[in-house]
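Chemist: any chance you could fold what I've pasted below:
(one chain, ligands or ions: 2)
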Amino acid sequence: MKVTIVGAGNVGATCADVIAYRGIASEVVLLDIREGFAEGKAMDISQCATNTGFNTKVSGSTNDYSKTANSDVVVITSGIPRKPGMTREELIGINAGIVKSVAENVLAHSPNCIVVVVSNPMDTMTYLALKATGLPKSRIIGMGGALDSSRFRYYLSKALDVPSNDVSAMVIGGHGDTTMIPLTRLASYNGIPVSQFASQEVLDKVAADTMVGGATLTGLLGTSAWYAPGASVAYLVDSILNDQKKMIACSVFLEGEYGQNDICIGVPCIIGKNGVEQIIDINLNEAEKAAFAKSADAVRSMNADLKTVLA
Ligand SMILES: NC(=O)c1ccc[n+]([C@@H]2O[C@H](COP(=O)([O-])OP(=O)(O)OC[C@H]3O[C@@H](n4cnc5c(N)ncnc54)[C@H](O)[C@@H]3O)[C@@H](O)[C@H]2O)c1
Ligand SMILES: O=C(O)C[C@H](O)C(=O)O
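Modeler: Ligands and ions are numbered 1, 2, ... in the order given. Modelled structure (predicted):
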């Protein structure tokens, strides 16, 4: 199975590294516009093979899309990341043009691939990739919810002082500092509601910390995060390539689900070899429904800025 990752920067290279290390795909191609950069990252990752024991073939390409031909999955991480103090939404001006041209280029060489969009603002970039390529909605998946949910589980595990892997929790809605919806009511510690282990005040702080999880890391690192984002993309790619049918919160095109239409936004999905195989329309309570509608309004108003790039 072949995976192409466009953008060999922090997230793209980390994703390639995790995919190789875990043997998720037999072949990974990294592509970047920076001369020699993807080749260098691919060589560095490949030189881990003997010490970490993987067989995945990793290669790099400077903007030569013929090397990406017949990929099963293409991940788009090309574009600029935010700096401290910025929102993801401020990246749209530069990233929209990049994501549109990259999506068209990859499809020309891999017409049957499933596209995973990572570049920010991710929900709007996913919508753009869908509209620009005309691909069926099952084959365009925005990655954000897997990452936000892993951060939610991290903050819950800290608050409860238990292992992250014993915590089950999901974040839906937009992948933005104010649009994420951590579903605290449904979060559990080994199946027991987290409300039995922490006060509402503590859980509210966990939700608030989760929503600004990316901004917190950007403030600490000077650019946005890459280890957990790269691992989250690899987790999603694994479910596609190995037909695992995991339930993962992903940004996908809605046609009536959650009362929304003509938008890509995070909802729980079953992810398998066909991409988005099912959207799980869970019963939200009134407060969660209102939060989802508000989140969708914000994502939709960002999408309106795509008019010129989609014209
Ligand atoms: N959805 C998420 O959960 C999530 C998580 C982390 C980062 N991101 C986003 O992912 C993007 C990448 O982040 P990063 O930290 O890896 O940035 P980075 O700057 O380290 O890497 C981006 C790479 O894209 C390349 N690039 C730019 N234009 C290109 C083009 N037209 N074709 C091919 N390559 C091109 C650059 O040369 C660079 O190497 C950012 O937009 C960031 O906000 C999203
Ligand atoms: O925070 C960012 O800008 C990058 C990414 O969306 C993240 O959540 O880490």
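
Chemist: what's around the closest residue to ligand 2 within the chain, how many residues?
Modeler: Using CB to the nearest ligand atom, the closest approach of the chain to ligand 2 is made by residue 214 at 2.4 Å. In this view, the C-beta of every residue, glycine as well, is placed from N, C-alpha and C. Around residue 214 there are 26 other residues, counting by other CB atoms under 10 Å.

Chemist: enumerate the residues of the stretch 1-150 of the chain near ligand 2.
Modeler: Neighbours of ligand 2 within the stretch 1-150 of the chain, by CB under 6 Å from any ligand atom: 81, 82, 88, 120, 147.

Chemist: which ones are touching the last one?
Modeler: Put plainly, it is residue 147. Neighbour list for residue 147: 175, 214, 228, 229, 232 [criterion: CB atoms under 8 Å, 6 or more residues apart in numbering].

Chemist: out of those, the closest to ligand 1 would be?
Modeler: Nearest to ligand 1 among the contacts of residue 147 is residue 229, at 3.4 Å by CB to the nearest ligand atom.

Chemist: and residue 278, what element?
Modeler: strand 275-279 (DSSP states H and E).

Chemist: which other residues reach that strand?
Modeler: For strand 275-279, the external contacting residues (CB under 8 Å, 6+ apart) are 114, 137-141, 240, 245, 250, 252, 254, 257, 267-271.

Chemist: what's the helix or strand for residue 206?
Modeler: Going by DSSP H and E, residue 206 is in helix 200-211.

Chemist: roughly how far is that helix from the heart of the chain?
Modeler: Computed by CA atoms, centre = their mean, to the nearest Å, the chain-centroid distance of helix 200-211 equals 22 Å.

Chemist: is the helix or strand following the strand holding residue 278 in proximity to ligand 2?
Modeler: Later in the chain than strand 275-279, the nearest helix or strand by DSSP H and E is helix 286-303. No. Residues of helix 286-303 are not located near ligand 2 by CB under 6 Å from any ligand atom, the shortest gap being 13.8 Å.

Chemist: what packs against the helix or strand of the chain with the lowest mean pLDDT?
Modeler: Across the helices and strands of the chain, mean pLDDT, DSSP states H and E gives its lowest value to helix 307-310, namely a mean of 82. On a contact count with 3 or more CB pairs under 8 Å, 6 or more residues apart in numbering; DSSP states H and E, helix 307-310 meets helix 92-109, helix 122-133.

Chemist: possible to save the ones you listed as TSV with mean pLDDT?
Modeler: TSV is the format used below for the helices and strands packed on helix 307-310 (pLDDT from 0 to 100):
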stretch	mean pLDDT
helix 92-109	96
helix 122-133	97
